[in-house]
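**Q** The following block contains a protein sequence and its predicted model.
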Amino acid sequence: MSKPLPRKIAVMGAGSWGTTFAKVLADAVPEQGIPVQIWARRDEAAQEINERHTNSRYLRDTKLPANVTASSNVEEVLANADLVVLAIPAQSLREELAKFTAHFEQDVVLLSLMKGLERGTDLRMSEVMAAVTGIPADRIAVLSGPNLAMEIAREQPTASVVACTSNETAHWIAQLCSAPYFRPYTNDDVLGVELGGIVKNIIALAVGMCDGMGMGDNTKSTVITRGLAETTRLVISLGGRLDTLAGLSGLGDLVATCSSSLSRNNTAGRLLGQGLFIEEVNDRMSQTAEGIKSARAVFDLSRSHGVEMPITEAVVMVLEGNLSVENMAERLLARELKSEGEQQ
């Protein structure tokens, strides 16, 4: 690596993905002995990680490496951290970053694990990070792909994509998280990688709704395929690349999130399909289903750019109480007949 190894890596967020990625980082660089410290909101979570090397609330009995520690003190976690990984709910990023920024090291590199669009601004997470911190794009990266946390925590092989406008930065991060069971690729299409990870959550909600209503694989395959088509239309219209959507952060992430019972968005959609109200779904979920939070922002973004996204629109209508789950499929199938390849 041309860039020196970081003195320390900070992971801001002790949920399932933040904790799992801390394990990936520690397993990737054990010979260098780079400390990986997690910021946990709750003192009890930090204490469990430090004393028992587990985070049982999210990862059950998964053992964390010895060089993973935790603290609820932001200043302590960020001290000497040359790489800061952000793994917090997307809609709280701006508020939390305002607290973090004062403690960042001078040339810190930021890596987003978040998959959401900020409500009210329609900004991607990398754009929020740049706006709040003033850090240039060549030191802001995102990671996305078919990354179901529990499977990775169990060291089941998977791949992902690190995207940054700087190939050097992307490669540096990829080297740091290249574990025996975790293979990172690099990409400079930050927009495409982020939007693929955002929209797939909404499509997973739709697939989950179909599942909850007892629909079969034909229906779910149709929603996944057409969901990829509308995601691609949005990405291309905003300047992203087609090949990105055919890769791990597009098709790969979409298939995993729509198909797995471990997916929070699929689970939330399934509960909606079974007849629960959105408030009941939120009460049952132990973690945030980002698709619920981002769906309206994605739909607003698509409308402002003249991109038709019928599945996203239907999901928004269900979430906002303007369409019943039972009528969602009928609405989608009643659309005007056209060629499969048409852009709208």
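**A** Nice, I can see it. All of these numbers come straight from a predicted model, not from anything done at the bench.

**Q** Nearest to the spatial middle of the protein, which residue is it?
**A** In the chain, the centroid-proximal residue (C-alpha atoms, centre = their mean) is K115; its distance is 3.1 Å.

**Q** Please report phi then psi for S112.
**A** Taking degrees, to the nearest 10, you get phi -100, psi 130 for the backbone angles of S112.

**Q** Which elements pack onto the helix or strand hosting L332?
**A** For L332, the host element (DSSP states H and E) is helix 325-333. Helices and strands touching helix 325-333, by 3 or more C-beta pairs under 8 Å, 6 or more residues apart in numbering; DSSP states H and E, are helix 190-212, helix 217-237, helix 310-319. For every residue, glycine as well, the C-beta is placed using N, CA and C.

**Q** ok, back up a step: now do the nearest residue to the residue nearest to the centre of the chain once chain neighbours are set aside, the pLDDT please.
**A** With sequence-adjacent residues excluded and distances taken as C-beta to C-beta, 6 or more residues apart in numbering, K115 is closest to G197, at 4.0 Å. Reported pLDDT at G197 in the predicted model: 94.

**Q** Distance-wise, check R139 relative to T133.
**A** 9 Å (C-beta to C-beta, to the nearest Å).

**Q** Need the residues touching each of these two.
**A** The contact sets of R139 and T133 overlap at L110 (C-beta atoms under 8 Å, 6 or more residues apart in numbering).

**Q** List the contacts of E230.
**A** By C-beta under 8 Å, 6+ apart, the contact set of E230 is V199, S302, V307, E308, M309, P310, I311, T312.

**Q** Dump the C-alpha coordinates for the helix or strand containing N50 into PDB.
**A** Element membership of N50 [criterion: DSSP H and E] is helix 43-52. Output of helix 43-52 as PDB, limited to C-alpha atoms (Å, rounded to 0.1, in the frame of the first residue of the first chain):
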ATOM      1  CA  ASP A  43     -22.200   1.700  28.200                       C
ATOM      2  CA  GLU A  44     -23.500  -1.900  28.700                       C
ATOM      3  CA  ALA A  45     -22.700  -2.800  25.000                       C
ATOM      4  CA  ALA A  46     -19.200  -1.400  25.200                       C
ATOM      5  CA  GLN A  47     -18.600  -3.300  28.500                       C
ATOM      6  CA  GLU A  48     -19.800  -6.600  26.900                       C
ATOM      7  CA  ILE A  49     -17.500  -6.200  23.900                       C
ATOM      8  CA  ASN A  50     -14.500  -5.400  26.200                       C
ATOM      9  CA  GLU A  51     -15.100  -8.100  28.800                       C
ATOM     10  CA  ARG A  52     -16.700 -10.900  26.900                       C
END
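
**Q** hmm, who's touching that helix?
**A** Under the criterion C-beta under 8 Å, 6+ apart, residues 14, 19, 38, 40, 54-57, 64, 68-72 lie in contact with helix 43-52.

**Q** name the helices or strands packed onto the very next helix or strand once past that helix?
**A** Next along the chain after helix 43-52, taking DSSP H and E as the criterion, comes helix 56-59. Secondary-structure packing of helix 56-59 (3+ C-beta pairs under 8 Å, 6+ apart): helix 16-28, helix 149-153.

**Q** quick one: which of the ones you listed is nearest R233?
**A** Among the helices and strands packed on helix 56-59, the nearest to R233 by C-beta to C-beta is helix 16-28 (27.8 Å).

**Q** Contacts for the closest one next, please.
**A** Counting contacts by C-beta under 8 Å, 6+ apart, the residues outside helix 16-28 that touch it are 9, 11-12, 34, 36, 38, 49, 55, 58-59, 62, 64-65, 67-68, 85, 87-88, 113, 143, 147, 149-150, 152-153, 176-182, 287.

**Q** angle of the helix holding L332 against helix 190-212?
**A** With axes from the mean of the first three to the mean of the last three C-alpha atoms, to 10 degrees applied, the angle from helix 325-333 to helix 190-212 works out at 120 degrees.

**Q** and which of the contacts of E230 is nearest to N218?
**A** I311 (15.7 Å).

**Q** contacting residues for the closest one?
**A** I311 makes contacts with I202, I203, A206, V223, R226, G227, E230, L332, as judged by C-beta under 8 Å, 6+ apart.

**Q** Of those, which one scores lowest on pLDDT?
**A** When those are compared by pLDDT, L332 scores lowest at 75.

**Q** For it, give its distance to D61.
**A** For L332 relative to D61 (C-beta to C-beta), the value is 42 Å.

**Q** Could you list the residues in contact with stretch 265-283?
**A** Counting contacts by C-beta under 8 Å, 6+ apart, the residues outside stretch 265-283 that touch it are 201-202, 204-213, 257-261, 284-285, 289-292, 318-319, 321, 325.

**Q** okay, how far is it across it, tip to tip?
**A** End-to-end span of stretch 265-283 (C-alpha to C-alpha, to the nearest Å): 14 Å.
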